[in-house]
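sharing a sequence plus its predicted fold:
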Amino acid sequence: MKIDGEAVLMAVITGVERAGSVEATPQVRLPRQIIIVVSAITVYFGVRHLTEGSVGQAVANADRVVDFERALGLHHEQWLQSTLAGSPAVSTFFNWIYIWGHWPVIAVTLVWLARNNPVVYLRARNAMIISGVIGMVIFASFPVAPPRLAGMGMVDTVTVSSHAYRVLQPPMFTNQYAAVPSLHVGWDLLMGIAIAIAARRLWVRVLGVVMPVAMTLAVILTANHYILDAMAGAALTTACWFGVGWWMRRRSLTPLTVS
């Protein structure tokens, strides 16, 4: 059965719009939001696993990504891993960022936003949901093997050094060929933008800036994504952030400003 990606996306956007159509000072109930976000993430993992493409197609698409990177002068993944992650301490550091700097950070940030800045929370949540739907459509139509599975001679440092990631993201829910776009980078960028806007303390805002940069390095040095993946993930979620912001302004929500 062929899935109409555009129809699915419009249905999700409609639901997100309704969820975002609140008063100028929205009241966010944390238990309800936890149910919404956990349900969305569960669906995301389930559907993403079902859309896993064939190995041959994923490797062929990976070759296309590498060729495109070379044409742009961006193919430096092997050099970065051998140069920066050659030290066990550096490798372990970025493994931990990749493992613990994604879902745990997203969970803590969303809870903090829901309690302290509902408007920014709704914008981040809705942008995350919409970008997740778009990501699933891309994963299904353009499966890409990550560097660790593309025969590039790069080491899967996360699997070699730690089993913690398999607890946070069990193999049964993992699509190994969902490399493009990198939502590790994209969603961490969303959280970073939200933190930079909502936080009052300077050091917390700085953390919001540093966090997606560190994740970008982590996904490359652990051989889980290409440089182009990180750029695509950042572009997708940034577009969703501004798109949701535009819609929220249309719905007469309080404008977001950096205080």
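That came through fine.

check contacts around Q176.
52, 58, 145-146, 149 (C-beta atoms under 8 Å, 6 or more residues apart in numbering). For the C-beta atoms, the positions are set from N, CA and C on the backbone; glycine is no exception.

any idea how far H184 lies from E77?
Between H184 and E77 the distance is 15 Å, computed by C-beta to C-beta, to the nearest Å.

show me the helices in the stretch 1-150 of the chain, by range?
In the stretch 1-150 of the chain, the segments counted as helices under DSSP state H, counting those that start in this stretch are 5-20, 30-50, 55-72, 77-84, 88-100, 103-116, 118-141.

kindly list the single helix or strand of the chain that scores lowest on mean pLDDT.
Sorting the helices and strands of the chain by mean pLDDT, DSSP states H and E puts helix 5-20 at the bottom, at a mean of 46.

so for stretch 199-212, what gets flagged as buried?
199, 205, 207-208, 211-212 (16 or more other C-beta atoms under 10 Å).

low-confidence ranges in the stretch 1-150 of the chain?
Applying pLDDT under 70 to the stretch 1-150 of the chain flags residues 1-26, 46-53.

gap between stretch 140-152 and the chain center?
Relative to its chain's centre, stretch 140-152 lies at 17 Å (C-alpha atoms, centre = their mean, to the nearest Å).

go on, stretch 199-210?
20 Å.

kindly report the same for stretch 236-248.
For stretch 236-248, the distance to the chain centre is 15 Å (C-alpha atoms, centre = their mean).

what does it rub up against?
With C-beta under 8 Å, 6+ apart as the criterion, stretch 236-248 contacts 16-17, 20, 119, 122-124, 126-128, 130-131, 134-135, 181, 183, 186-187, 189-190, 193, 256.

let's see 6 Å
20, 123, 126-127, 130-131, 181, 186, 189-190 (C-beta atoms under 6 Å, 6 or more residues apart in numbering).

now that stretch: buried residues?
For stretch 236-248, by 16+ other C-beta under 10 Å, it's 236-238, 240-241, 244-245, 247-248.

kindly report the same for stretch 209-223.
Quick answer for stretch 209-223 (16+ other C-beta under 10 Å): 211-212, 214-223.

helices - which of those land there?
With helices taken from DSSP state H, the overlap with these comprises 211-212, 214-221.

need the contacts of stretch 236-248 in TSV with distance to V37 and neighbour count, can you?
As requested, those are exported to TSV (distance: C-beta to C-beta, whole Å; neighbours: other C-beta atoms under 10 Å):
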residue	distance to V37	neighbour count
G20	14	19
R123	14	27
N126	11	24
A127	13	26
I130	13	23
S131	14	24
P181	20	26
G186	16	29
L189	18	27
L190	13	28
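
count the neighbours of R29 for me.
10 (other C-beta atoms under 10 Å).

same question for the one 4 residues further on.
Q33 is flanked by 20 other residues according to other C-beta under 10 Å.

for Y121, same thing?
Neighbour tally, Y121, other C-beta under 10 Å: 23.

contacting residues for it?
113-114.

mind doing that once more with 7 Å?
28, 110, 113-114 (C-beta atoms under 7 Å, 6 or more residues apart in numbering).

and it, how far is that from I129?
12 Å.

check what pLDDT M154 gets.
For M154, the model assigns a pLDDT of 88.

alright, that wraps it up for me.
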